[in-house]
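> what's the 3D shape of this:
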Amino acid sequence: MANPFTGILRVKELRERILFTVILLLIFRLGAIIPVPGINIQALTNFFRETNSGNAVVDYLDFFAGGAFSNFSVFMLGIMPYISMSIIMQLLLIVFPSLKKLSQEEGGRKKIQSYQRMGTVGVCIIQAFAITRYAQYISTQVDNLFTINNFVFFSMVAILTVTTGTMFLMWLGEQITRRGIGNGISLLIYAGIVARLPQAIWELIQRVVSTGRPHPVFVILVFVLFIVIVGLVVFEQQGQRKIPVNYAKRVVGRRMYGIPNAFIPFKINPSGVIPVIFASSILTFPVQIASTIGPNVVWLRQISEILAPRGWLYNILYVFLIVFFAYFYTQVSLNPIEIAKNIRENGGSVPGIRSDRIEEYLTKILNRIVLPGSIYLAVIAIIPTIIQYLFDFPANISYLMGGTSLLILVGVDLDTMSQVESLLKMHHHDGLTRKGRLRGRNL
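I've put the predicted structure just below:
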């Protein structure tokens, strides 16, 4: 009983949840290697190995699809279309008050989710069509790429298959969240990153041994930097600003009720890794469309080159979007007006602040702590590009060991461990830490 991992095995509910999650993640990894019907996988492998080796856009899209994009698998779009539609829906709720009102009504949340699913289908169809055009371009570079002679029929099959694959992934994520452990959508991205790490490290070792580039000293330096950044990410995710709140005591019968010493914990980074995922999703959509259709269209090819993941314009937009979504999601999840309203309705007050100035005070505090937190996220997110330029690292390795992957890995780990911690405490077992200080992160 002293060992927390023994406690995990003893709790039947937790054991079943973990097993259910592992099975669904294995299904996801299996689907990532099943090619779209009509594709000659051997010819495709030869193209990416020889003709298109080191393509930054393909490596970038592969990063979020868990390696499924270069396999032209049924899950090659990954879960990013669903995330993109989630962003669009959140913006629509702000722009259109009628949708906002609908989401607050009974049963309205289900209608919003149904709209979001239908929008995801539309995004999938657009991206799948672009993929078929990219496959047509590849067929001009290699022989016998298609096992289906009719390209129109292949396009229809590919669009249907890839769209179905993404919707199935969305269902898997919902099932993991409901019946498994952790946040399902985040765990799917997490599993794709973890599954590719061993192969990326092995390719790096082979490259160092055969060519001597990058230099072994730089490799060791990057690994040390990797460990240091993991520690900094954990430290930053746990940091918070406590706002003291005093509540008036009430006498009910012969007992006195009230919370004399309470506080509101504002995290330095309240939105977690969501700004990074949202920013990546927004930029992935135009990059994918431009890079897949681009080879056949001159102006789209130019856009693809301008928005290359290693380009300065892409990284500037990336930083800007991370800061924007950090503020945007914080305002959605932590609304100072609603918090101040709840404080007043429950007879609370912030020491030294007038009751009618609480909203202004909370907004000021949030703006002050979100800015450094968002800049911190942006700096970590562009580390892959810096590593590529300074140490001549391959793009696929720098993406997997760089900022975005680190933020996702650490964030999902903390969130999953906090849920395991809660279930263990609920069943009267010792947690993963002696003092139980892990906190959830609302991914």
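> Using PDB, list the CA coordinates for stretch 378-387.
Output for stretch 378-387, consisting of C-alpha atoms alone and laid out as PDB, is shown next (Å, rounded to 0.1, in the frame of the first residue of the first chain):
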ATOM      1  CA  ALA A 378       6.100  31.700 -27.400                       C
ATOM      2  CA  VAL A 379       9.900  31.600 -26.600                       C
ATOM      3  CA  ILE A 380       9.700  27.800 -25.900                       C
ATOM      4  CA  ALA A 381       7.600  27.200 -29.000                       C
ATOM      5  CA  ILE A 382      10.200  28.700 -31.400                       C
ATOM      6  CA  ILE A 383      13.100  26.700 -29.800                       C
ATOM      7  CA  PRO A 384      13.000  24.100 -32.700                       C
ATOM      8  CA  THR A 385      13.700  26.800 -35.300                       C
ATOM      9  CA  ILE A 386      16.600  28.100 -33.200                       C
ATOM     10  CA  ILE A 387      18.000  24.600 -32.700                       C
END
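> ok, and the residue nearest the centre of the chain, which helix or strand is that part of?
Within the chain, one residue has its C-alpha closest to the average C-alpha position: by CA atoms, centre = their mean, that is residue 277, at 4.0 Å. Under DSSP states H and E, the secondary-structure element containing residue 277 is helix 274-293.
> That helix - what's its average pLDDT?
This predicted structure assigns helix 274-293 an average pLDDT of 74.
> gap between that helix and the chain center?
Once both centres are worked out by CA atoms, centre = their mean, to the nearest Å, helix 274-293 turns out to sit 12 Å from its chain's centre.
> can you tell me the helix or strand for residue 244?
Taking DSSP H and E as the criterion, residue 244 maps to strand 240-247.
> so how far is that strand from its chain's centroid?
Strand 240-247 has its average C-alpha position 30 Å from the chain's average C-alpha position, going by CA atoms, centre = their mean.
> which secondary structure elements does the helix holding residue 277 contact?
Contacting helix 274-293 under the criterion 3 or more CB pairs under 8 Å, 6 or more residues apart in numbering; DSSP states H and E are the following elements: helix 56-65, helix 80-95, helix 108-139, helix 298-306, helix 312-333, helix 358-381, helix 403-426. For glycine as for every other residue, the C-beta is placed from the backbone atoms N, C-alpha and C.
> How many neighbouring residues does residue 22 have?
Other residues within reach of residue 22 by the criterion other CB atoms under 10 Å amount to 13.
> same question, residue 242
Other residues lying near residue 242 total 10 when counted by other CB under 10 Å.
> Bridged to it, which residues?
Applying DSSP bridges to residue 242 gives these bridge partners: residue 265.
> does it really touch residue 262, like I thought?
No: at 9.8 Å, residue 242 and residue 262 do not qualify as touching, with contact defined as CB atoms under 8 Å.
> Not counting its neighbours along the chain, what's nearest residue 126?
Excluding the flanking residues, the one nearest residue 126 by CB to CB, 6 or more residues apart in numbering is residue 289, at 7.4 Å.
> Hmm, that neighbour is touching residue 130, no?
Yes: when contacts are counted by CB under 8 Å, residue 289 is listed as touching residue 130 (4.9 Å).
> picking up where we left off before, list the residues that contact the residue nearest to the centre of the chain.
Listed by CB atoms under 8 Å, 6 or more residues apart in numbering, the contact set of residue 277 reads 83, 186, 189, 408.
> tell me how far the helix or strand hosting residue 170 is from the chain's mean position?
Using DSSP H and E, residue 170 sits within helix 151-179. Mean-position distance between helix 151-179 and its chain equals 18 Å (CA atoms, centre = their mean).
> Quick one: mean pLDDT for that helix?
Rounded to a whole number, the mean pLDDT of helix 151-179 is 90.
> quick thing: my sequence starts at 47, can you match it?
Taking 47 as the first residue, the last one we looked at is helix 197-225.
> Now that helix: buried residues?
Of the residues in helix 197-225, those buried by neighbour count under the rule 16 or more other CB atoms under 10 Å are 200-201, 203-205, 207-209, 211-213, 215-216, 218-219, 222-223.
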